[in-house]
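Trainee: predicted model follows, preceded by the sequence.
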Amino acid sequence: MTTANFLRRALLVWAALCVVPGWSGAAEALPKLDLRPLWPSLVVERPVWLGEAPDGSGRMFLAEQPGTILILPKNRQGLETNARSVFLDLTFRQPYRDNEEGLLGVAFHPRYRTNGKFYVYYTQHDPRRNVLSEFVVSKKDPARADFYSERILLEVARPYGNHCGGCTIFGPDGYLYVSLGDGGGADDPHDNGQNLQSLLGKIIRLDVDAQTGRQPYRIPPDNPFLGRGVAARGEIWAYGLRNPWRMSFDRRTGQLWAADLGQNKWEEVNIITKGGNYGWNRREGFHPFKEPAPAGVKFTDPILEYPHHPALDKKNTHRPGLSITGGHVYRGEKLPALRGAYLYADFAMGTIWALRQEKGRITQNAALYVPPPGTAPRNVASFAEDARGEIYVLTFEGRTNGVVCELVTAAR
């Protein structure tokens, strides 16, 4: 979708919201929140990831889509000038050409304190491809990565410039999970989502602490499709996804949550399970899409969907949006009324929601933050979580600039 068309659709949805009934109900116990900017003097460009190094230093690192990883100042409210401390710079490789390309994911190894390893997911061109690489911090300077330490673990060819996925996280099992979009193009024209011979449209799971022959990683022996030969890639953990944009593990339960962007009508939230088929491109949310599923194929339902337009949701169960951004289950201390709730947002509308669930059934769902009337919505590009479980919101402000915000109880 072009930027102009995207904005036009966003305005239509925003206008429709003015006549949609309130989104209240049993979920009113969830708090109303505001966004408070942090690092006010720091200029960042399209922030897509934020994380705390697991080395006890308390340092926060931020990834910019054009290709840099920064170390942020420790004073989050300060007015430091020239505060950009570059940890890794890949901009000369020009990963960011199309809107959804760039440096998209970063993950510190759980034993980063001792091995200095971290993992980066970025896009490349000529030919188009997604790249997953391992880097090591400089032995001489803990504030710099050793650029020449790069070890490419995986490259996946991609036919178009969109739907790159790119979330890169370690699970509680110590394995690396990576989300890959379906390769782009409307309606998944190459049927990658349902093709187990392709890594596109999948969540994959790798053991980066070992390797098999010339393969620079090991496939965990309990991966669900390992051992099927050429019929399926053993790296696959779950499939049938269009463009999973941000996933996270609940630090208390170990559940893996992922938001998947829809095509024309529905956005969805999924709890990812081993071997799960989430339906794309035979389904969009709960709804049939394209041709029917083959006989005997079972899809895993999303836990939640929301529409692109109020008219699609006959029961008025959820405020509309256009482009979902996945978040985290809140396990922090600052906002006790939010504990145990999963946060997610809409990039186009700037709305932030939360839901609670029990055994796959939603028990609460409400909007936590809605942009004030008459203000331009902040485009919520990503969420982040620090070592204490506090959650941050990364937004795009205008075409290039970005802001890191914390969540605070609303004054109004």
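Mentor: Arrived safely.

Trainee: hmm, residue 405 is touching residue 33, no?
Mentor: No. With contact defined as CB atoms under 8 Å, residue 405 does not reach residue 33; the gap is 10.1 Å. Where you see a C-beta, it was placed from the backbone N, CA and C, and this is true even at glycine.

Trainee: quick check: neighbours shared by the two?
Mentor: Shared contacts of residue 405 and residue 33, defined by CB atoms under 8 Å, 6 or more residues apart in numbering, are absent.

Trainee: so where do the helices sit in the protein?
Mentor: 3-17, 112-115 (DSSP state H).

Trainee: for residue 268, give its distance to residue 189.
Mentor: Distance, residue 268 to residue 189, by CB to CB, to the nearest Å: 21 Å.

Trainee: comparing the two, which residue is more hemmed in?
Mentor: Higher neighbour count among residue 268 and residue 189: residue 268, with 27 against 13, using other CB atoms under 10 Å.

Trainee: quick one: that one from residue 155, how far?
Mentor: 28 Å.

Trainee: most remote residue from this protein's center?
Mentor: When distances are taken from the C-alpha mean of the chain, residue 140 lies farthest, 32.5 Å away, according to CA atoms, centre = their mean.

Trainee: confidence score at it?
Mentor: At residue 140, the model reports a pLDDT of 95.

Trainee: for it, what are phi and psi?
Mentor: Per-residue torsions, residue 140: phi -100, psi -20 (degrees, to the nearest 10).

Trainee: I'd guessed residue 43 sits against residue 403; true?
Mentor: No. With contact defined as CB under 8 Å, residue 43 and residue 403 do not form a contacting pair (9.9 Å).

Trainee: of these two, who's got more company?
Mentor: Taking neighbours as other CB under 10 Å, residue 43 and residue 403 compare with residue 403 leading, 19 against 11.

Trainee: that one pairs with what?
Mentor: residue 395 (DSSP bridges).

Trainee: residues in contact with it?
Mentor: 37, 44, 47, 378, 394-395, 397.

Trainee: swap in 6 Å and give it another go.
Mentor: 37, 395, 397 (CB atoms under 6 Å, 6 or more residues apart in numbering).

Trainee: give me the buried entries from these.
Mentor: 37, 395 (16 or more other CB atoms under 10 Å).

Trainee: among the contacts of residue 403, which has the minimum pLDDT value?
Mentor: Out of the contacts of residue 403, that is residue 397, at 86.

Trainee: excluding chain neighbours, what is closest to that residue?
Mentor: Leaving aside its chain neighbours, residue 397 sits nearest to residue 403 (5.3 Å; criterion: CB to CB, 6 or more residues apart in numbering).

Trainee: rank the helices of the chain by pLDDT, which is bottom?
Mentor: helix 3-17 (a mean of 49).

Trainee: just the residues contacting stretch 94-113, thanks.
Mentor: 48-49, 53-55, 63, 65-67, 90, 115, 117-123, 161-162, 164, 166-170.

Trainee: then stretch 255-275?
Mentor: 203, 224, 238, 241-249, 278, 284-285, 302-306, 308, 312, 323-324, 326, 342, 344.

Trainee: what's the local residue count around residue 236?
Mentor: 24.

Trainee: residue contacts, it?
Mentor: 202, 204, 225.

Trainee: how close does it sit to residue 219?
Mentor: 9 Å.

Trainee: identify the residues contacting the residue lying closest to residue 400 once chain neighbours are set aside.
Mentor: Counting by CB to CB, 6+ apart, residue 45 is the residue found nearest to residue 400 once chain neighbours are left out, at 5.2 Å. Residues near residue 45 by CB under 6 Å, 6+ apart: 64, 66, 400.

Trainee: show me where the stretch 201-350 of the chain has strands.
Mentor: Ranges of strands within the stretch 201-350 of the chain are 202-206, 236-239, 244-249, 256-260, 266-272, 283-284, 287-288, 304-307, 324-329, 342-346, based on DSSP state E, counting those that start in this stretch.

Trainee: tabulate these (a markdown table), appending distance to residue 185 and mean pLDDT.
Mentor: Shown next, in a markdown table, are the strands of the stretch 201-350 of the chain (distance: least, CB to CB, whole Å; pLDDT from 0 to 100):
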| stretch | distance to residue 185 | mean pLDDT |
| --- | --- | --- |
| strand 202-206 | 17 | 98 |
| strand 236-239 | 18 | 98 |
| strand 244-249 | 17 | 98 |
| strand 256-260 | 16 | 98 |
| strand 266-272 | 19 | 98 |
| strand 283-284 | 15 | 96 |
| strand 287-288 | 20 | 94 |
| strand 304-307 | 22 | 97 |
| strand 324-329 | 19 | 98 |
| strand 342-346 | 23 | 98 |
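
Trainee: looking at the ones you listed, spot the one closest to residue 194.
Mentor: strand 236-239 (7.2 Å; CB to CB).

Trainee: can you give me the offset of stretch 196-211 from its chain's centre?
Mentor: With CA atoms, centre = their mean, to the nearest Å as the basis, stretch 196-211 stands 17 Å off its chain's centre.

Trainee: er, stretch 234-241 actually
Mentor: 16 Å.

Trainee: same question for stretch 252-270.
Mentor: Worked out by CA atoms, centre = their mean, stretch 252-270 lies 9 Å from the chain centre.

Trainee: check stretch 244-259 too.
Mentor: Relative to its chain's centre, stretch 244-259 lies at 9 Å (CA atoms, centre = their mean).

Trainee: what residue ranges in the stretch 101-250 of the chain score low on pLDDT?
Mentor: Of all residues in the stretch 101-250 of the chain, none has pLDDT under 70.

Trainee: how many neighbouring residues does residue 369 have?
Mentor: Residue 369, neighbours per other CB under 10 Å, totals 23.

Trainee: got a list of what it touches?
Mentor: 33, 352.

Trainee: who does it form a beta bridge with?
Mentor: On the basis of DSSP bridges, residue 369 is bridged to residue 352.

Trainee: look up how far residue 184 lies from the spatially closest residue to residue 181 that is not a sequence neighbour.
Mentor: Spatial nearest neighbour of residue 181, chain neighbours left out: residue 163 (3.2 Å); criterion: CB to CB, 6+ apart. The gap separating residue 163 from residue 184 is 4 Å, by CB to CB.

Trainee: can you count the residues close to the closest residue to residue 115 other than its chain neighbours?
Mentor: With CB to CB, 6+ apart as the criterion, residue 115 has its nearest non-adjacent residue at 5.9 Å, and that residue is residue 109. The local packing of residue 109 (other CB under 10 Å) involves 20 other residues.

Trainee: fine by me, thanks again.
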